[in-house]
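**Q** The amino acid sequence is not available; the structure is as follows:
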């Protein structure tokens, strides 16, 4: 009887330790992948914003809305360089991301590509159309954030009642100088 109780205790202890270790290993793997996903999602959004900013500089110079000491060819190269970074960042999202985050990324990529195309002159558009593309891009960034947060199990929301939609931050219209 005593030997049976000792054997039962040993088997129970071994099984409990095995299950605990297996659970701990699974949690470590999930945490490790979550860390990589957070990095991938963050790098992607950063690359998207850099692509938008570089395109905005080029567009504003091409349209005479801004002066820049760099020639247009250098601004185009900057757009190309940040586009390469964006492509690599999205590849990481494709490898690590959840289905909804990947789909939100594809939708975001579509509108950001339109911004780049208008900036480089591949498509035409008015300034109001340009601004609407930017509004759409930033709404889609928020959709991507929501999908990424859900994939990572993060509670809360970046949109909705507590977070009303915001518009583009635009400088006030230029007022003519006295005497003009």
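**A** That came in fine, so what should we check first? The structure presented is a predicted model; accordingly, all values stated were derived computationally and were not measured.
**Q** I'd like to know how far the spatially closest residue to residue 118 that is not a sequence neighbour sits from residue 63.
**A** The shortest distance from residue 118 to any non-neighbouring residue, by C-beta to C-beta, 6 or more residues apart in numbering, is to residue 125 (4.9 Å). Heads up, the C-betas are built off the backbone N, CA and C, glycines and all. Per C-beta to C-beta, to the nearest Å, residue 125 is found 10 Å from residue 63.
**Q** So for these two, which residue has more residues nearby?
**A** Between residue 125 and residue 63, counted using other C-beta atoms under 10 Å, the more crowded position is residue 125 (16 against 12).
**Q** where does that one land in three-state SS?
**A** Put simply, residue 125 is coil when judged by DSSP: H, G, I helix; E, B strand; the rest coil.
**Q** Give me the pLDDT for it.
**A** Here, the pLDDT recorded for residue 125 equals 94.
**Q** now residue 179
**A** So residue 179 comes in at 53 (pLDDT).
**Q** for residue 25, same thing?
**A** pLDDT for residue 25: 57.
**Q** Repeat that for residue 95.
**A** Reported pLDDT for residue 95: 96.
**Q** show me the residues around it that make contact.
**A** residue 40 (C-beta atoms under 8 Å, 6 or more residues apart in numbering).
**Q** quick one: the strands in the chain?
**A** When secondary structure is read from DSSP state E, the chain shows no strands.
**Q** quick one: least confident helix or strand in it?
**A** Lowest by mean pLDDT, DSSP states H and E among the helices and strands of the chain is helix 2-62, with a mean of 80.
**Q** Can you pull up the most central residue in the chain?
**A** The centre of the chain sits closest to residue 45, judged by C-alpha atoms, centre = their mean, with a distance of 2.5 Å.
**Q** Which residue, other than its chain neighbours, is closest to it?
**A** Spatial nearest neighbour of residue 45, excluding adjacent residues (C-beta to C-beta, 6+ apart): residue 141 at 6.3 Å.
**Q** Surely residue 151 is in contact with residue 93?
**A** No: using C-beta atoms under 8 Å, residue 151 is not in contact with residue 93; the gap is 10.2 Å.
**Q** So these two - more neighbours on which side?
**A** Legend: neighbour count by other C-beta under 10 Å for residue 151 and residue 93, higher for residue 93 (24 against 20).
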